[in-house]
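**Student:** here you go, sequence then predicted model.
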Amino acid sequence: MWPTSLSRRLMLSALLGVLAASVAAAAVAGALAYLRAPDHLVDVELGEELDDLERALRGDGAGGLALGEISSADMYDALRKDTAFRIVDADGRAVFASPDGLALQALERMAPGADALQLQGEDMPVHLKVGERQVVRDGKRYTILAAQSHRFVERLAEYARKIHLGAALAAVWFALAVFALVVWVNVRRAMVPLQRASAIAARIGPRTLSARLRVDGVPAEMTPLIDALNAALERVEHGFRVQQEFLATAAHELKTPLTLLQAEIELSQGTDKAAMLRETQLMARQVNQLLHLAEVSEVHNYRFARCSLWALAADATGYLARLAERGGVSLRVERAGAEPWVEADEGAAFVMLKNLLENAVRHSPAGGVVTLEVSSRGLAVADEGPGVDPQDRGHLFERFWHASGAAGGAGLGLAIVREICVAHDWRVWFEDAAGGGARFVVAIDGADGPGAG
């Protein structure tokens, strides 16, 4: 079973790789050793012996011939049935020869030009292969003859294979042990920064959101993950702080009308129903907008589907027609181009558009016109009110923010608009209207015509 620990996975992977490479190398070496034919091995050995004899053969400076030291002289002495050599002159007389034995006797009786001999041993025949080479020393030609048996070469090759394979196996196991030790130490050291980061992450809670994971000593491959976690923690801390501020501000906003309502009940001998109704309506409006804000702030509450911006504009203007009529304000819809369609949560998009139109109606003077522009690029709501002071424009989309002199609102309408736009990947901003009023623009990059998609 594959281990769940990262360090064990790394160690096991490295060990498996080295083991596979070692097995492959041993298999190739063994195959090369065992697949070499005996005849080829004998030819190689004969060639090496002829080279050795040729190097040892030299002139003595007086017209004669001398034989120097032969590296395999002891072999010729010990294995007289399996190895032999003769060096003869141009007349066929032996100049030098190996110690007397069956192999040398057979070599002396060998017919000219033969390349193989066979001796009858005590229990089995001995096959000899003969190599021949012509050399010249001091102007005289000599012939070097060397003979070796198949069984001798095969035993040497078998012995060499055993030595080489044993040494290779011992080297492989030792290398694996050293490699495992080195990998274990390095992996343990590499895991220390990750364990330290895990310990810090385990201590993070609502009261310690400012803590961040350290990247000192962390492997380069893990640094992007640590950076991403730190960025996520920063976003969580910011969201948590915003929610705390939101709760404090909401409590403060609801506290004022509740205090006024309680004072009206306790101090007045009669019941001012109009004042109490006004305060309860204000609290109801604030509560409704708080619920809307809580709902649109959670992405899982959205249900996206294909809808028409023209239909949304018609629904929103129809819903606010009576409010606009009471304020003496006219609602006008301007459509440009083909009917635009978008992927959106229809209910949330309706709330967004309703808040923008309601805000424009409340800030427009009697007789003013609120214009809703609909195109393939998005929406825009413009009014003919007093506009927004430059120092207030940076606070328009903040929660519970009220412009100086404004009354009757909870300060959440534009904050709700921004949350809905963020959830849809739309952009919303404020700009001055052509007539001096306020104009809010919602840019929808994914809008298309009715035939698209």
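**Tutor:** That came in fine, so what should we check first? On a predicted model such as this, the values are computed, not experimentally measured, just so you know.

**Student:** helices or strands next to the strand or helix carrying residue 190 in the packing?
**Tutor:** If you go by DSSP states H and E, residue 190 is part of helix 150-202. Helix 150-202 sits against helix 6-35, helix 38-56, strand 125-137, with contacts defined as 3 or more Cβ pairs under 8 Å, 6 or more residues apart in numbering; DSSP states H and E. In short, each C-beta sits where N, CA and C put it, glycine included.

**Student:** now do it against helix 38-56, angle only.
**Tutor:** 100 degrees (axes from the mean of the first three to the mean of the last three Cα atoms, to 10 degrees).

**Student:** what angle separates helix 150-202 from strand 125-137?
**Tutor:** In terms of direction (the same axes, to 10 degrees), helix 150-202 departs from strand 125-137 by 90 degrees.

**Student:** and helix 150-202, how far from the chain's centre?
**Tutor:** Computed by Cα atoms, centre = their mean, to the nearest Å, the chain-centroid distance of helix 150-202 equals 28 Å.

**Student:** over to stretch 338-358?
**Tutor:** Using Cα atoms, centre = their mean, the offset of stretch 338-358 from its chain centre is 40 Å.

**Student:** now that stretch: buried residues?
**Tutor:** 340-342, 344-346, 348-358 (16 or more other Cβ atoms under 10 Å).

**Student:** swap in stretch 201-217?
**Tutor:** Counting neighbours by 16+ other Cβ under 10 Å, stretch 201-217 gives 204, 209, 212, 213, 215 as buried.

**Student:** likewise for stretch 219-235?
**Tutor:** If you call a residue buried by 16+ other Cβ under 10 Å, then stretch 219-235 has these buried ones: 226, 230, 233.

**Student:** same check, this time on stretch 130-150
**Tutor:** Neighbour counts over stretch 130-150 (16+ other Cβ under 10 Å) mark 130-133, 137, 142-150 as buried.

**Student:** enumerate every residue touching residue 437.
**Tutor:** 360, 363, 364, 368, 382, 383, 384, 385, 386, 387 (Cβ atoms under 8 Å, 6 or more residues apart in numbering).

**Student:** how does it look with 10 Å?
**Tutor:** Residue 437 is in contact with 360, 363-365, 368-371, 382-388, counting by Cβ atoms under 10 Å, 6 or more residues apart in numbering.

**Student:** between the residues you listed, which is closest to residue 435?
**Tutor:** Taking Cβ to Cβ as the measure, residue 435 lies nearest residue 384 of the contacts of residue 437, at 5.3 Å.

**Student:** what about that closest one, distance to residue 437?
**Tutor:** Distance of residue 384 to residue 437, given as Cβ to Cβ, to the nearest Å: 5 Å.

**Student:** and residue 423, by the same measure?
**Tutor:** Distance, residue 423 to residue 437, using Cβ to Cβ: 28 Å.

**Student:** and what of residue 392?
**Tutor:** The gap separating residue 392 from residue 437 is 14 Å, by Cβ to Cβ.

**Student:** got the phi/psi numbers for residue 328?
**Tutor:** The phi/psi pair for residue 328 (degrees, to the nearest 10) reads phi 70, psi 30.

**Student:** same thing with residue 65?
**Tutor:** Dihedral angles phi and psi of residue 65 (degrees, to the nearest 10) take the values phi -130, psi 140.

**Student:** helix, strand or coil for residue 208?
**Tutor:** The assignment at residue 208 comes out as coil when based on DSSP: H, G, I helix; E, B strand; the rest coil.

**Student:** can you put the buried residues of stretch 219-235 in TSV and add secondary structure, distance to residue 178 and pLDDT?
**Tutor:** As requested, those are exported to TSV (DSSP: H, G, I helix; E, B strand; the rest coil; distance: Cβ to Cβ, whole Å; pLDDT from 0 to 100):
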residue	secondary structure	distance to residue 178	pLDDT
226	helix	32	82
230	helix	38	85
233	helix	42	83
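
**Student:** now distance to residue 397 too, for those, in TSV please.
**Tutor:** As requested, the buried residues of stretch 219-235 are exported to TSV (distance: Cβ to Cβ, whole Å):
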residue	distance to residue 397
226	33
230	27
233	25
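
**Student:** residues contacting residue 132?
**Tutor:** Residue 132 makes contacts with 46, 50, 86, 110, 112-115, 143-147, as judged by Cβ under 10 Å, 6+ apart.

**Student:** repeat the analysis, applying 6 Å as the threshold.
**Tutor:** residue 145 (Cβ atoms under 6 Å, 6 or more residues apart in numbering).

**Student:** how close does it get to residue 414?
**Tutor:** For residue 132 relative to residue 414 (Cβ to Cβ), the value is 108 Å.

**Student:** same thing with residue 87?
**Tutor:** Counting by Cβ to Cβ, the gap from residue 87 to residue 414 is 113 Å.

**Student:** again, but for residue 103
**Tutor:** Here residue 103 is placed at a distance of 111 Å from residue 414 (Cβ to Cβ).

**Student:** quick one: which of these two has more around it?
**Tutor:** Legend: neighbour count by other Cβ atoms under 10 Å for residue 103 and residue 414, higher for residue 103 (26 against 22).

**Student:** can you tell me the helix or strand for that one?
**Tutor:** Using DSSP H and E, residue 103 sits in helix 102-109.

**Student:** after that helix comes which helix or strand?
**Tutor:** Helix 102-109 is succeeded, C-terminally, by strand 116-120 (DSSP H and E).

**Student:** in its sheet, what does that following strand sit against?
**Tutor:** Applying DSSP bridges, strand 116-120 is found paired with strand 125-137 (antiparallel).

**Student:** how big is the angle separating the strand it pairs with from helix 102-109?
**Tutor:** Using the same axes, to 10 degrees: strand 125-137 against helix 102-109 is 60 degrees.

**Student:** where exactly do the helices run in the stretch 351-453 of the chain?
**Tutor:** 413-423 (DSSP state H, counting those that start in this stretch).

**Student:** just for it, where's the confidence low?
**Tutor:** Scanning the stretch 351-453 of the chain with the threshold set as pLDDT under 70 gives 400, 402-411, 446-453.

**Student:** mind splitting this protein into its structural domains?
**Tutor:** 1-198, 203-271, 299-443 (automatic domain parsing).

**Student:** looking at these, which is buried most?
**Tutor:** Mean neighbour count, computed with mean count of other Cβ atoms under 10 Å, is highest for domain 299-443 among the domains of the chain, reaching a mean of 17.

**Student:** off-centre distance for it?
**Tutor:** Going by Cα atoms, centre = their mean, where domain 299-443 is centred and where its chain is centred differ by 44 Å.

**Student:** in contact with residue 317, which residues?
**Tutor:** 331, 333.

**Student:** tabulate the CA atom coordinates of the helix or strand containing it in CSV.
**Tutor:** Here residue 317 is covered by helix 309-319, with elements defined by DSSP H and E. C-alpha atoms of helix 309-319 as CSV (Å, rounded to 0.1, in the frame of the first residue of the first chain):
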residue,chain,number,x,y,z
LEU,A,309,-31.4,42.6,-19.4
TRP,A,310,-34.4,44.1,-21.1
ALA,A,311,-36.8,41.9,-19.0
LEU,A,312,-34.9,42.9,-15.9
ALA,A,313,-35.1,46.6,-16.7
ALA,A,314,-38.9,46.3,-17.3
ASP,A,315,-39.5,44.4,-14.0
ALA,A,316,-37.4,46.9,-12.0
THR,A,317,-39.0,50.0,-13.5
GLY,A,318,-42.5,48.6,-13.1
TYR,A,319,-41.8,47.7,-9.5
